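**Q** Mind folding the following:
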Amino acid sequence: MIFEWKRLKFTFITLPCLLIAFLAICVFCTEANAQGNYDDGLAFILVQAKLPRGAERNTNRPGKDYKNFNLEEPNPKLCMAACEKDAKCRAYTYVKPGVQGKKARCWLKSGVPKPKKNKCCISGVKTIQETVVEKSTEVPDDNIPPGSYQQTCTDISVSGTTLTAYCARISDTDMMYRSDLADINLCRGDISNNDGRLTCKKPTNIPRGSYMQTCENISVSETTLTAYCATKSDSRMTHRTQLSEIDLCLGDISNNDGYLTCEKTYYPPGSYQQTCRVISVSGTTLTAYCAKKSGDWGMIYRTQLSEIDLCRGCRCHVIRGQFFRNSTGGTPPRDW
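**A** Now for the predicted structure:
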């Protein structure tokens, strides 16, 4: 009688439980293989069991990265533990094996970016108590410019005026590609991710110079350069400054304690500027390469005019490739 009871117990209780457990394993294995993130279903089940408290499954939090590293085993708890030990960390993203390499990868974040659904990752945020404790010691990363690129780029950093990030491509959203964008202080409007490449709209008439490293909101109207530049006393505050006649600047345009400056060469006025090139002034001597006929640049001649400081109220012209000083300021005789 006891033997019969044991057989019935195995048949109607133990056997169905084993069958249910087997089916559950098959379901998990199927999901793991569909995701393609692990070598087999058993590894997938083990990782699911290792999910730390508060973990956000199938979630990525792109942006505000300051540190990333490979994990020796595919365990999200290792990434969470690294975040908890680091005073700067506010959130983390665990990237599954096969997405950014063979090994799992952990990204630590100095802020709390917006979550995005993605099967590549598992993310998490520090508890409110931990956040409050660290808030007073955290240095905000204010130099990272805003933009739509933060939705599809990660590991974002700024060095000088160059923005660096790892961005996804349309054809491959699981892999991240490094992209650099120089002169971000010239960007107008949104900074976006164009198929793995950082891009923005920039004005084309901005002159180059060292001032671009410490000035922003740069613009040009005709020959006047306008910018907001940092001062020596406070690099975070900007001072509005303008520099006129930038077409006369020789060499570098620089920021001198909040003011734009450059070395200029002033040329005397005159119609010669229409048919002469490579104009320069040394002392009181004007030098240029001038055409013999208007619009004929096939033959140009080097010519000089001395004592231009003695020319008062006069204009300089060119006749047959040579300078001509008209003291009355009128039009020289036409001899072309």
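**Q** Please, which helix or strand holds Gly251?
**A** strand 249-256 (DSSP states H and E).
**Q** Restricting to C-alpha, output that strand in PDB.
**A** Extracted C-alpha coordinates of strand 249-256, given in PDB (Å, rounded to 0.1, in the frame of the first residue of the first chain):
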ATOM      1  CA  CYS A 249      44.200  91.500 -39.500                       C
ATOM      2  CA  LEU A 250      47.600  89.900 -40.000                       C
ATOM      3  CA  GLY A 251      48.200  86.600 -38.200                       C
ATOM      4  CA  ASP A 252      46.300  85.500 -35.100                       C
ATOM      5  CA  ILE A 253      43.100  86.900 -33.700                       C
ATOM      6  CA  SER A 254      43.300  86.500 -29.900                       C
ATOM      7  CA  ASN A 255      41.300  87.000 -26.800                       C
ATOM      8  CA  ASN A 256      43.100  89.600 -24.600                       C
END
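**Q** ok, now which ones touch the nearest residue to Phe69 once chain neighbours are set aside?
**A** Closest residue in space to Phe69, ignoring its immediate chain neighbours: Cys106 at 5.8 Å, by CB to CB, 6 or more residues apart in numbering. Where you see a C-beta, it was placed from the backbone N, CA and C, and this is true even at glycine. If you count contacts by CB atoms under 8 Å, 6 or more residues apart in numbering, Cys106 has them with Asn68, Phe69, Asn70, Leu71, Leu78, Cys79, Ala82, Tyr92, Thr93, Tyr94, Val95.
**Q** Go through the residues you listed and flag which are in helices.
**A** Members of the contacts of Cys106 lying in helices (criterion: DSSP state H): Leu78, Cys79, Ala82.
**Q** List the contacts of Ser157.
**A** Per CB under 8 Å, 6+ apart, neighbours of Ser157: Asp65, Tyr66, Ile144, Leu163, Thr164, Ala165.
**Q** distance of it from Glu84?
**A** Separation of Ser157 from Glu84 (CB to CB, to the nearest Å) stands at 23 Å.
**Q** Quick check: end-to-end length of stretch 271-288?
**A** By CA to CA, to the nearest Å, the extent of stretch 271-288 from end to end equals 13 Å.
**Q** Quick check, Tyr66 in contact with Leu108.
**A** Yes: at 6.3 Å, Tyr66 counts as touching Leu108 under the criterion of CB atoms under 8 Å.
**Q** Which neighbours do those two have in common?
**A** Common neighbours of Tyr66 and Leu108 (CB under 8 Å, 6+ apart) are Lys88.
**Q** Lovely, talk soon.
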